[in-house]
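Visitor: let's see this in three dimensions:
(chains A and B)
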Amino acid sequence: QKEVEQDPGPLSVPEGAIVSLNCTYSNSAFQYFMWYRQYSRKGPELLMYTYSSGNKEDGRFTAQVDKSSKYISLFIRDSQPSDSATYLCAMSGSVGQFYFGTGTSLTVIP
Amino acid sequence: SAVISQKPSRDICQRGTSLTIQCQVDSQVTMMFWYRQQPGQSLTLIATANQGSEATYESGFVIDKFPISRPNLTFSTLTVSNMSPEDSSIYLCSVGPGHEQFFGPGTRLTVL
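Guide: Reported below is the predicted structural model:
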């Protein structure tokens, strides 16, 4: 079983839609949860960083962590064509290695 | 956040040759990381490079194949040695304070 599972998509939505991106994981020791955005031919860019369970909001982006279900989500409100990218979840324990999902490809259609 | 640059941005290489990828950071950092990103797969950590000590390699990666240098706190190189088509991938360096990692733009390598 992979440490982190992420639906690769692709996901295509109309402009203005609410987007939900999700990851599940198997290691209960994970405490740090990140979402990265990666545009084509660019390196991943850190979007959101959350410690332990709960919600975190930053503008149109909301990250949710449910440790009891080992499930994390990223919501994008009022999606824009500029949000079209691949979104990667990542997580780690108290020390050491990051574990990344395979990424979900998102296209927002004008 | 740190600003990270990589050279080259892309290259096409012949089987059996080696390529050295450079990573430059705009601030001093203790730890630098090298990742590989293959199509449809998650980012895979190759090694962690600390200044002044040997790099620490993850399972499946060895120093003879991926030698790393870390001569100072702002620079590192990764060499992909004796390349085969299976080494075709994007190679990324990253740095991080704690659990927030920042990535360079990547080096897109194609091996023929």
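
Visitor: just the strands in chain B please.
Guide: B:4-7, B:10-13, B:19-25, B:31-37, B:44-50, B:56-57, B:68-72, B:75-80, B:89-95, B:102-103, B:107-111 (DSSP state E).

Visitor: could you give the residue of chain A that lies closest to chain B?
Guide: Nearest residue of chain A to chain B (CB to the nearest CB) works out as A:G43 at 3.7 Å. C-beta coordinates here come from the backbone N, C-alpha and C atoms, glycine included.

Visitor: for that residue, which non-adjacent residue is spatially closest?
Guide: B:F103 (3.7 Å; CB to CB, 6 or more residues apart in numbering or on different chains).

Visitor: swap in B:N50?
Guide: B:M31 (5.8 Å).

Visitor: please look at the one you found and B:A49 and confirm they touch.
Guide: Yes - in this structure, B:M31 is within contact of B:A49 by CB atoms under 8 Å, at 7.3 Å.

Visitor: more neighbours, those two?
Guide: More neighbours surround B:A49 than the other of B:M31 and B:A49, with 24 against 17 (other CB atoms under 10 Å in any protein chain shown).

Visitor: would you mark the buried spots in stretch B:84-95?
Guide: Residues of stretch B:84-95 classed as buried: B:D87, B:S88, B:S89, B:I90, B:Y91, B:L92, B:C93, B:S94, B:V95 (neighbour count, 16 or more other CB atoms under 10 Å in any protein chain shown).

Visitor: compute the first-to-last residue distance for it.
Guide: End-to-end distance for stretch B:84-95: 28 Å, by CA to CA, to the nearest Å.
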